Structures are given as structure tokens and as C-alpha cells.
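Enquirer: Based on what follows, work out the 3D shape:
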Amino acid sequence: MSAGQEKLKLGVLGSGSGSNMQAILDAIEDGTLDAEIVLVLSDNPDAYILERARKAGIAAEVIDCAGYATRFPEASQIAVGEKLRDAGVEIVCLAGFMRIVKAPLLEMFPGRLLNIHPSLLPAYPGLMAWKQAVDDGAEESGCTVHYVDAGMDTGPVILQARLPVLAGDTAETLHARIQAEEHRLYPAAIRVVAAGL
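Expert: Down below sits the predicted model:
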């Protein structure tokens, strides 16, 4: 983005604590990411990400998924897309969002939906990737920021961070080390995508 333009507007979808959203906020505050988070949406009314957002003065709302525990109904996706669009969002960041995004939301933000995943995709898609890596005896793990497509963790890779699985690693210790890398990688990937807009 050239000088004089408004800051890049980000929207965040999350289901949990929002530590990756916090890492993005921290990068904005320390001047390493020229952007602003304008809207945070969660499918979990009790998710700490909503409290984090409100404490930071960011609009935060609960997504109505029509009572479905895991599905992301089409009507809900349209409503989310409209809220993001109304807020002027240019890039949508999934941060621990536990529902699979499909059309129409993908069509509303083509090439502008990002996700972070705690493995070196395509290895270990889905839940608890760090546990899968330890259980599998993997020598290496890490995290991936990728574009979202209609599959589960199958979109094109933007950036990856690698780290070794140590001899004494448990699922918990590996997860903690991966999360530290996630918090560095996500803002960097947003910069890469923003540079191409």
C-alpha cells in the first residue's frame, strides 16, 4: 500500500482464546504491521477472543450458527460476509476458528481469507496437529499460514515456520513452541498478502 492510503483493514474470526489475534494486535502496536483490526467475530459466545477485542476497543460480535455445533450454515456465512464488508474489511484472518468456511464467504473475499495451522501443511491437517506430530514420531513440525479454500487446511501456503520435534517433547511442550512461532508468522504473512493487494 502506498503512502497516504488508509491502514489495511482486517477482520478476525475465532473460536477460542485469541492469542493469534493478540499477536496481530501486538505487531500493529509495535509498528511492524501497518493495519488495523476493525471487527472480531466468534461462533463461541464465551470465547476469550471477544473479551480481548472489546478490551482493545474493537467491535466484537457473536456469529449466529443457527444452533449447529460444528456446521457453518450458508445463511450464517452470508451474514458474516456482509458484516465484514460493511466494516470495510480487506483481509479476513481465521485465528483458531473451528468451522470450515465454504462458499459464499469464500466468494465474497476471494484470495483474502487466511488461516494459521499448527503443522507444516500438507502434513497433519485438522485438529490437534501437534499431538499428531508427537504420536507419529515426526522429526519436524511448525506452523503454516495459508489461503483458505473449501477444504480442511488445503489452501495454498503463504509462509511456514519450521522447528524440530525434540526428544523429550510432549504434545503440550511442542504446542507451546509452535504457538510462539505462530505469533511471529501470522503478522509476517499478512504483510506478504497486503503487499500483493
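
Enquirer: Pull the number of nearby residues for the residue nearest to residue 43 when sequence neighbours are not counted.
Expert: Using CB to CB, 6 or more residues apart in numbering and skipping the chain neighbours, the partner closest in space to residue 43 is residue 63 (4.6 Å). Using the backbone N, CA and C atoms, a C-beta is placed for each residue, glycine as well. Residue crowding around residue 63 was assessed by other CB atoms under 10 Å; the count is 20.

Enquirer: Let me see the contact set for residue 63.
Expert: Neighbour list for residue 63: 13, 41, 42, 43, 76, 79, 80 [criterion: CB atoms under 8 Å, 6 or more residues apart in numbering].

Enquirer: per-residue pLDDT, the nearest residue to residue 113 once chain neighbours are set aside?
Expert: If the residues on either side of it in the chain are set aside, residue 113 comes closest to residue 148, at 3.9 Å by CB to CB, 6+ apart. The score at residue 148 is 97. That number is its pLDDT.

Enquirer: again, but for residue 6
Expert: The predicted local distance difference test score for residue 6 is 82.

Enquirer: got it, and residue 56?
Expert: Residue 56 is assigned a pLDDT of 97 by the prediction.

Enquirer: same for whichever helix in the chain runs longest, what does it pack against?
Expert: Counting residues, the longest helix found in the chain (DSSP state H) is helix 171-195. Contacts defined by 3 or more CB pairs under 8 Å, 6 or more residues apart in numbering; DSSP states H and E place helix 171-195 against strand 8-14, helix 19-29, strand 91-94, strand 113-117, helix 129-136, strand 140-147, strand 157-164.

Enquirer: List the buried residues for stretch 40-56?
Expert: Of the residues in stretch 40-56, those buried under the neighbour-count criterion (16 or more other CB atoms under 10 Å) are 40, 41, 42, 43, 44, 47, 48, 49, 50, 52, 53, 56.

Enquirer: Which residue is the nearest non-sequential neighbour of residue 103?
Expert: Taking CB to CB, 6+ apart, and ignoring the residues beside it in sequence, residue 103 has residue 150 as its nearest neighbour in space, at 7.0 Å.

Enquirer: hang on, isn't the one you found packed against residue 105?
Expert: No. With contact defined as CB atoms under 8 Å, residue 150 and residue 105 do not form a contacting pair (10.1 Å).

Enquirer: out of these two, which sits in the more crowded spot?
Expert: Summary of the neighbour comparison: residue 150 and residue 105, criterion other CB under 10 Å, with residue 105 having more neighbours (21 against 11).

Enquirer: Looking at the helices and strands packed on helix 171-195, which is nearest to residue 172?
Expert: Taking CB to CB as the measure, the helices and strands packed on helix 171-195 were each checked against residue 172, and helix 129-136 came out nearest at 8.3 Å.
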